[in-house]
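J.: Predicted model and sequence follow; I will ask about them next.
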Amino acid sequence: MRDIFFFDADCQIGSGPAIGIRPGAAELLADMDRFGIDRALVRHGNCGLLGAEAANRELAEMLETAATDRLRGVWAILPDQCPELPQGDAFFAAMKRYNIRALTLLPNDHLFVPCRLSLGRIMDAARERKIPVLFRADGNDWRPVYDFVREFPRNLIVIHERWGKWGHDRQLRPLLENFENVRFSIGGYMVPEGLRDLAALYGAERLLYGSGYPLYDQGSGMLQLKQSGLDAAEIALVAGKNLTKMLDEVQL
Amino acid sequence: MTTSIWEVPGSPAARFWNDGHADFPVYDMHGHMGSHNGIFMARREPESMAAHLRRAGVRHLVFSHHHVLFGAMRNAEVVEICRRYPDLYRMYVGIVPAFPDNIREDLAQFDRWAPYAVGLKCLADYYKLPLTDPAWEYALKFADERALPVLFHTWGNSKCNGGEVMMQLVRKYRRLKFFIGHSLYGEWEMAERIVKESDGNVWLELTAIPGEYRRIEKLVAAVGSDRLLYGTDLPWFDEYQAIGGVLSAEISADDMLNILYRNAESILGKEW
């Protein structure tokens, strides 16, 4: 967009047996052009089934092939005790090399308990390096999200919704109120003018525009944000400035 | 970067992006009101909903009150809400089979509730009572005799209001105007069949669909945009999110206008 810089915090690329043929980087970039989105943070759409090791590698290849500075990647993490991914500094060096700027975890698919015992070392390193960690309430089970945020209160944790379409304020607001390092990516949050309420309660700097692509298109959330009732400066924060700042501070 | 859909001069998308509304009305054909057991809804009362609707240029919201559907309110009370907002609110008379006397009493007053009451609403899934159960029959016959709209909550593969049940009803009631709420979500091929096998008295209603990647494009291709109705479940879903979903679809401007207002006007007229 010429008037607002958009950085989509919640995109996936890549196909898989369970999800079928999904958009790749080229299709995502075409959609971004259609809606006027400048940049996107992308995960591998098949990471759940494929596993962290292979999905991280494949995502890196997709980003390398796309050869664009408009996409930033997200890698999945696994328990410290199982050396399936590069360890220590080598992991972060690889992140830098492949333009990966955030982490995520899929404990239900990858079968581990997301807590300090299992992820303490990688989460502490992520905190020191100011790397955001994306997490969601899988299957609308918010207990693991609460536990995880309580376990790692000093990490920058981005909750992205996208389970069903019912409003989740009863689950979400306690996290935003009690944990200052929690951010919320708004994809799938369709509560009427709810963005304005969240910004008034917790600050627009806590919210990130995210589409949920390719389950959702990128445009519906853009119009929802543009006409949310937030002022222009707040809209600009949510649309892209917050995520830009967050990723600019990442130290790899 | 190329020109985005929001920047095409004169387009519906540009109008909503720049002004928050367009120079045509929007009819939201699927709404509710009042508190809900499982969701916090900040804008659930008539005034706060009205402010949201008016910002988005919605001329009428047709709604069924949660508290009627969930057993704590009578339809006559909803008429009084509509009377306070005569330019904005229209209602579906909520049909609750657990209270058959209420159904007869309410439908006996239906004509006196004009212009506010425009049809009926059936929420079979929530009562675990298939629409083919005789408990619904009195209301459905009433609607069929008068060719009234009935908004059915539907969902793919539901035993109460899924594809097989809706097909049976469409074959039985030939005059009733079927508004297939949520377009039989997930049972897309059956939704298409139902429209095509009907006598032109079936429309797919879009609540919960706008914003889903490429879904509206597929529905337009399957049944035509003249068979789709716009809806949001307000106060569940934001008008701009849903309008944005329609505007984001790769369909023609004519298709968008059909969905957002022309089809409702073809069913209910320009002044209703």
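T.: Perfect, thanks for sending it.

J.: Not counting its neighbours along the chain, what's nearest A:Y146?
T.: Closest residue to A:Y146 apart from its sequence neighbours, by C-beta to C-beta, 6 or more residues apart in numbering or on different chains: A:L175 at 7.0 Å. Any C-beta I mention is one placed from the backbone N, CA and C, and that applies to glycine too.

J.: can I assume the one you found is in contact with A:V158?
T.: No. Using C-beta atoms under 8 Å, A:L175 makes no contact with A:V158, being 11.3 Å away.

J.: Which of those two has more residues huddled nearby?
T.: Between A:L175 and A:V158, A:V158 has the larger neighbour count (other C-beta atoms under 10 Å in any protein chain shown), namely 26 against 19.

J.: Tell me the residues of the stretch 1-150 of chain A that contact chain B?
T.: Applying C-beta under 8 Å from any C-beta of the partner chain, we find that the stretch 1-150 of chain A lies next to chain B at A:1-2, A:33-36, A:38.

J.: now the stretch 151-252 of chain A
T.: Residues of the stretch 151-252 of chain A lying close to chain B (C-beta under 8 Å from any C-beta) are A:165-167, A:169-170, A:190-194, A:197, A:213-224, A:226-228.

J.: so what's in contact with A:L175 and A:V158 at the same time?
T.: Jointly contacting A:L175 and A:V158 under the rule C-beta atoms under 8 Å, 6 or more residues apart in numbering or on different chains are A:V182.

J.: ranges for the strands of chain B?
T.: B:26-31, B:58-63, B:89-94, B:117-122, B:149-153, B:177-181, B:202-205, B:228-229 (DSSP state E).

J.: Parallel or antiparallel, list what pairs with the fifth one.
T.: Strands adjacent to strand B:149-153 in the sheet, as given by DSSP bridges, are strand B:117-122 (parallel), strand B:177-181 (parallel).

J.: Alpha carbons of the shortest one, as PDB, please.
T.: Spelled out, it's strand B:177-181. Taking Å, rounded to 0.1, in the frame of the first residue of the first chain, the C-alpha atoms of strand B:177-181 are listed here in PDB:
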ATOM      1  CA  LYS B 177     -37.500 -19.000   0.400                       C
ATOM      2  CA  PHE B 178     -34.500 -21.000   1.800                       C
ATOM      3  CA  PHE B 179     -31.700 -18.900   3.200                       C
ATOM      4  CA  ILE B 180     -29.000 -21.600   3.700                       C
ATOM      5  CA  GLY B 181     -27.100 -20.100   6.600                       C
END
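
J.: pLDDT on it, on average?
T.: Strand B:177-181 shows a mean pLDDT of 98.

J.: Contacts for that strand, please.
T.: For strand B:177-181, using C-beta under 8 Å, 6+ apart, the contacting residues are B:29-30, B:119, B:143, B:147-154, B:166, B:169-170, B:191, B:194, B:198, B:201-205, B:207, B:229, B:231, B:267.

J.: Can you select the buried ones among these for me in PyMOL?
T.: A single PyMOL command is used to select the members of these judged buried by 16 or more other C-beta atoms under 10 Å in any protein chain shown:
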select buried, chain B and resi 29+30+119+143+148+149+150+151+152+153+154+166+169+170+191+194+198+201+202+203+204+205+207+229+231+267
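
J.: for stretch B:63-74, which positions count as buried?
T.: Under 16+ other C-beta under 10 Å, the buried positions of stretch B:63-74 are B:63-70, B:73-74.

J.: filter the residues you listed by proximity to chain A?
T.: With the criterion set as C-beta under 8 Å from any C-beta, no member of the buried residues of stretch B:63-74 is near chain A.

J.: Among the residues you listed, which are located in helices?
T.: Applying DSSP state H to those, the entries found in helices are B:66-69.

J.: any idea which of those is the one closest to chain A?
T.: Comparing these against chain A with C-beta to the nearest C-beta places B:H66 closest, at 13.5 Å.

J.: Let me see the contact set for that closest one.
T.: By C-beta under 8 Å, 6+ apart, the neighbours of B:H66 are B:32-36.

J.: between the residues you listed, which is nearest B:Q241?
T.: B:H32 (16.1 Å; C-beta to C-beta).

J.: any idea how far B:T154 is from the closest one?
T.: 16 Å (C-beta to C-beta, to the nearest Å).

J.: what's around A:A232, how many residues?
T.: Close neighbours of A:A232, defined as other C-beta under 10 Å, add up to 10.

J.: for A:F91, same thing?
T.: 18.

J.: in chain A, which spans are strands?
T.: Using DSSP E, the strands of chain A run over A:7-13, A:39-44, A:71-76, A:100-104, A:133-135, A:157-160, A:182-185, A:207-208.

J.: Same list, those strands, but as CSV with distance to B:L257 and mean pLDDT please.
T.: Converted to CSV, the strands of chain A look like this (distance: least, C-beta to C-beta, whole Å; pLDDT from 0 to 100):
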stretch, distance to B:L257, mean pLDDT
strand A:7-13, 28, 98
strand A:39-44, 31, 98
strand A:71-76, 35, 98
strand A:100-104, 40, 98
strand A:133-135, 38, 97
strand A:157-160, 33, 96
strand A:182-185, 32, 98
strand A:207-208, 32, 98
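
J.: B:L247: which of the ones you listed is closest?
T.: Counting by C-beta to C-beta, B:L247 lies closest to strand A:7-13 out of these; the figure is 17.5 Å.

J.: relative to strand A:100-104, how tilted is that closest one?
T.: Orientation check (axes from the mean of the first three to the mean of the last three C-alpha atoms, to 10 degrees): strand A:7-13 against strand A:100-104 gives 70 degrees.

J.: now for strand A:7-13, which elements pack on it?
T.: Other helices and strands packing on strand A:7-13, by 3 or more C-beta pairs under 8 Å, 6 or more residues apart in numbering or on different chains; DSSP states H and E, are helix A:25-35, strand A:39-44, strand A:157-160, helix A:242-248.

J.: I'd like the ones you listed laid out as TSV, including distance to A:V182.
T.: Converted to TSV, these look like this (distance: least, C-beta to C-beta, whole Å):
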stretch	distance to A:V182
helix A:25-35	27
strand A:39-44	17
strand A:157-160	5
helix A:242-248	13
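
J.: So in chain A, which helix runs the longest?
T.: Assignment by DSSP H gives helix A:52-66 as the longest helix of chain A.

J.: Show me the shaky parts of the stretch 1-150 of chain B.
T.: Low-confidence segments of the stretch 1-150 of chain B (pLDDT under 70): B:1.

J.: give the contact list for the residue in it positioned nearest to chain A.
T.: Closest contact between the stretch 1-150 of chain B and chain A, by C-beta to the nearest C-beta, is at B:S4 (3.0 Å). With contact set as C-beta under 8 Å, 6+ apart, B:S4 has these partners: A:1, A:33-36.

J.: which residues of the stretch 51-200 of chain B fall in helices?
T.: Along the stretch 51-200 of chain B, the segments classed as helices by DSSP state H, counting those that start in this stretch run B:66-69, B:75-84, B:100-108, B:124-127, B:137-146, B:163-172, B:188-197.

J.: Under the pLDDT cut-off, which ranges of the stretch 151-252 of chain A? List them.
T.: Filtered on pLDDT under 70, the stretch 151-252 of chain A yields the residue ranges A:162-163.

J.: Would you map the helices across it?
T.: A:169-178, A:194-202, A:219-226, A:232-236, A:242-248.

J.: right, so of those, which gets closest to B:A135?
T.: Distance to B:A135, taken as C-beta to C-beta, is lowest for helix A:169-178 among the helices of the stretch 151-252 of chain A, at 33.2 Å.

J.: quick one, what contacts B:L88?
T.: Going by C-beta under 8 Å, 6+ apart, B:L88 touches B:50, B:53-54, B:58-61.

J.: returning to what we had before: in TSV, list the strands of chain B along with distance to A:L85.
T.: Listed next are those as TSV, based on distance: least, C-beta to C-beta, whole Å:
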stretch	distance to A:L85
strand B:26-31	47
strand B:58-63	50
strand B:89-94	55
strand B:117-122	53
strand B:149-153	46
strand B:177-181	46
strand B:202-205	46
strand B:228-229	47
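
J.: Spell out which parts of the stretch 101-250 of chain B neighbour chain A.
T.: For the stretch 101-250 of chain B, the residues in contact with chain A (C-beta under 8 Å from any C-beta) are B:208, B:210-214, B:234-245, B:247-249.
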